[in-house]
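In: I would like to see how this sequence folds:
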Amino acid sequence: MTDFQPRPGQSVAGYDVTARLGTDYYAVFADIPDGDREIWERAQGYVDEVGTRMQDAWDKAEYPLDIGMRLGELDLFNDGIDHPALTRFSPLAAGLVNMEVSRGDGSLGTVIAVQGGLALRTLALFGSPAQQDRWLVPVARGEVAASFALTEPDHGSDSVSLETVARRDGDAWVLDGAKKWIGNGASGGITFVWARVDDAGTPEHGAVRCFLVEQETAGYLGTVIAGKGSLRGIHQAHIVLDGVRVPLDAVLPGTKSFKDASTVLYSTRSGVAWSALGHATACYEASLAYSQQRIQFGKPLAKFQMVQERLANMLEDLTAMQLFCRRMADLETRGELRPTQASLAKYHNTRAARRIASTARDLLGGNGILLENGVIQHMADIEAIHTYEGTESVQALLIGRDITGMSAFV
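Out: Okay, here's the model as predicted:
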């Protein structure tokens with residue numbers, strides 16, 4: 001509102017609380033290499049380019065696929081995947097991209113997780129040379145939307161119990177089953193479907209394998225899940241597989257068991273920790289900016305002791321999140337990161353992000369529920385990342401098994 005004129009009872013038109021403040025109290029990112037910084041700045045430019053449109057899309061629960069695939073045009077889908085056909089991102093650069101894009105919009109952070117972290121990684125790790133020749137670069141460039149279909153309506157945390165089946169029928173595989181919460185699963189591209197082999201009398205009977213399915217294949221029905229209160233700017237699909245026939249070479253030859261799916265999930269878990277850091281940074285910086293601009297009882301909120309204590313508490317959590325992420329990236333760079341260390345980072349950071357978002361929402365008062373100020377959107381989106389790639393309880397059990405040597409899984 002450039003022509004705003006103050007009126008009694010309203011001295012400002014609004015608050016500027018979404019700008020980057022570069023919060024880094026312990027200089028955690030002060031020494032990052034120039035190459036990683038260039039990639040980080042590219043992600044910042046992307047967020048600035050699409051931010052206003054994505055805020056509107058989130059409000060309307062629309063998925064502007066062109067914006068999501070623009071990440072590929074900018075070569076930002078590589079999630080630390082090591083493959084000769086792909087641009088190599090260090091673990092730190094991949095994390096900074098996840099952080100920055102999620103700081104702008106959590107739905108776009110999830111696009112990276114789905115298209116890059118899950119689908120592209122699955123293809124790069126386990127696909128045949130022919131599959132990679134045809135699909136790897138188009139997926140990396142965002143020319144083809146890709147999804148990763150593991151979770152089922154009846155199997156979330158216990159995805160090892162998946163019931164979708166694949167059986168041989170002459171020169172084809174036939175897939176039957178259902179999947180749920182599949183990002184890009186109804187976007188007209190390809191889906192990597194994990195299924196259990198139903199081929200009695202053969203060595204691979206009961207084995208879990210992955211199949212590359214083009215979404216226009218007969219019998220594949222992806223329906224957008226409506227009514228979400230989180231990640232509203234990306235569509236997740238409920239997929240029904242009704243006698244879907246794919247050629248024998250649709251199976252990814254590198255997939256032999258559920259452990260292969262777990263390999264992909266372990267690799268993306270660190271990305272969720274970085275994404276949580278992005279959300280939390282946005283919430284903290286909105287709170288700090290708001291406290292300096294908002295006048296109550298004749299002075300800025302920042303002059304109140306309770307507000308300063310809240311800001312200090314948020315910064316405490318935020319700095320710990322940054323330290324978790326940087327140390328995790330350093331360990332991964334040296335090839336020393338263990339899956340449960342990534343679990344601990346995800347466990348800590350999504351919990352801390354929840355605390356920061358809740359405090360920020362409260363500190364902004366009524367203005368905290370306005371989408372234009374960002375906090376309520378981040379607060380809602382954090383709820384999704386807190387659950388996906390392994391719930392809080394699952395992460396705790398993985399960590400607990402590691403430190404005690406005893407499994408508490410049922």
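
In: How about residues contacting stretch 300-317?
Out: Stretch 300-317 is contacted by residues 23, 25, 280, 283-284, 287-288, 290-295, 352, 355-356, 359-360, 363 when judged by CB atoms under 8 Å, 6 or more residues apart in numbering. C-beta here means a position set from N, CA and C on the backbone, and glycine is covered the same way.

In: So which of these belong to helices?
Out: Members of those lying in helices (criterion: DSSP state H): 280, 283-284, 287-288, 290-293, 352, 355-356, 359-360, 363.

In: Give the burial count for Asp34, as a bare number.
Out: Asp34 has 6 neighbours, counted by other CB atoms under 10 Å.

In: any idea how far Gly95 is from it?
Out: To Gly95, Asp34 is 17 Å away according to CB to CB, to the nearest Å.

In: Go ahead and report the secondary structure state at Leu241.
Out: Secondary structure assignment for Leu241 (DSSP: H, G, I helix; E, B strand; the rest coil): strand.

In: so who does it touch?
Out: By CB under 8 Å, 6+ apart, the contact set of Leu241 is Thr164, Leu175, Asp176, Gly177, Ala178, Lys179, Val193, Val213, Gly219, Tyr220.

In: check contacts around the fifth one.
Out: For Ala178, the contact set (CB under 8 Å, 6+ apart) comprises Glu152, Pro153, Thr164, His238, Ile239, Val240, Leu241.

In: Same check on the fourth one?
Out: Taking CB under 8 Å, 6+ apart as the definition of contact, the neighbours of Gly177 are Glu152, Leu162, Glu163, Thr164, Val165, Ala195, Leu241.

In: please redo it, this time with the cut-off set to 7 Å
Out: Residues in contact with Gly177 (CB atoms under 7 Å, 6 or more residues apart in numbering) are Glu152, Glu163, Thr164, Val165, Ala195, Leu241.

In: quick revisit: just the buried members of the contacts of stretch 300-317?
Out: Listed as buried from these are 280, 283-284, 287-288, 290-291, 294, 352, 355-356, 359-360, 363; burial here means 16 or more other CB atoms under 10 Å.

In: Please work out the average pLDDT along stretch 367-379.
Out: The average pLDDT for stretch 367-379 rounds to 97.

In: er, stretch 41-49 actually
Out: On average, stretch 41-49 scores 98.

In: just how off-centre is it within its chain?
Out: 17 Å (CA atoms, centre = their mean, to the nearest Å).

In: Check the gap between the residue nearest the centre of the chain and Ser102 for me.
Out: With distances taken as CA atoms, centre = their mean, the residue of the chain nearest its centroid is Thr110 (3.4 Å). Noted for Thr110: a distance of 8 Å to Ser102, by CB to CB.

In: how about the helices in the stretch 301-410 of the chain?
Out: Using DSSP state H, counting those that start in this stretch, the helices found in the stretch 301-410 of the chain span residues 305-333, 339-363, 375-387, 392-404.

In: Output the contacting helices and strands for the second one.
Out: In this case it means helix 339-363. helix 258-293, helix 305-333, helix 375-387, helix 392-404 (3 or more CB pairs under 7 Å, 6 or more residues apart in numbering; DSSP states H and E).

In: Now distance to Gly51 too, for those, in CSV please.
Out: CSV is the format used below for these (distance: least, CB to CB, whole Å):
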stretch, distance to Gly51
helix 258-293, 11
helix 305-333, 21
helix 375-387, 11
helix 392-404, 30
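
In: and Lys60, which of those helices is closest to it?
Out: helix 375-387 (12.7 Å; CB to CB).

In: List the residue ranges of the chain that fall below the pLDDT cut-off.
Out: Residue ranges of the chain with pLDDT under 70: 1-2.

In: got the domain boundaries for it?
Out: Following automatic domain parsing, one gets these domains for the chain: 34-140, 146-257, 259-404.

In: how about the helices and strands packed on helix 339-363, which one is nearest Ser90?
Out: Set against Ser90 and scored by CB to CB, the helices and strands packed on helix 339-363 come closest in helix 305-333, at 6.2 Å.

In: by how many degrees do that closest one and helix 339-363 diverge?
Out: Inter-element angle recorded for helix 305-333 and helix 339-363: 160 degrees (by axes from the mean of the first three to the mean of the last three CA atoms, to 10 degrees).

In: out of the contacts of Leu241, who's nearest Lys228?
Out: Distance to Lys228, by CB to CB, is smallest for Lys179 among the contacts of Leu241, at 16.5 Å.

In: Do I have it right that the closest one meets Phe148?
Out: No: using CB atoms under 7 Å as the test, Lys179 is too far from Phe148 to be in contact (9.6 Å).

In: quick one: which of these two has more around it?
Out: Higher neighbour count among Lys179 and Phe148: Phe148, with 29 against 26, using other CB under 10 Å.

In: so the more buried one is in which element?
Out: Assigned by DSSP states H and E, Phe148 belongs to strand 146-149.

In: Tell me how far Pro160 lies from Leu265.
Out: To be clear, residue 160 is Val; Pro isn't right here. Val160 sits 11 Å away from Leu265, going by CB to CB.

In: Out of the contacts of Gly177, which is nearest to Gln395?
Out: So of the contacts of Gly177, ranked by how close each gets to Gln395 (CB to CB), first place is Glu152, at 20.4 Å.

In: ok, that closest one touching Val165?
Out: No: contact criterion CB under 7 Å: Glu152 and Val165 do not qualify, at 11.5 Å.

In: Of the two, which one has the most company?
Out: The neighbour comparison of Glu152 against Val165 (other CB under 10 Å) goes to Glu152, with 21 against 17.
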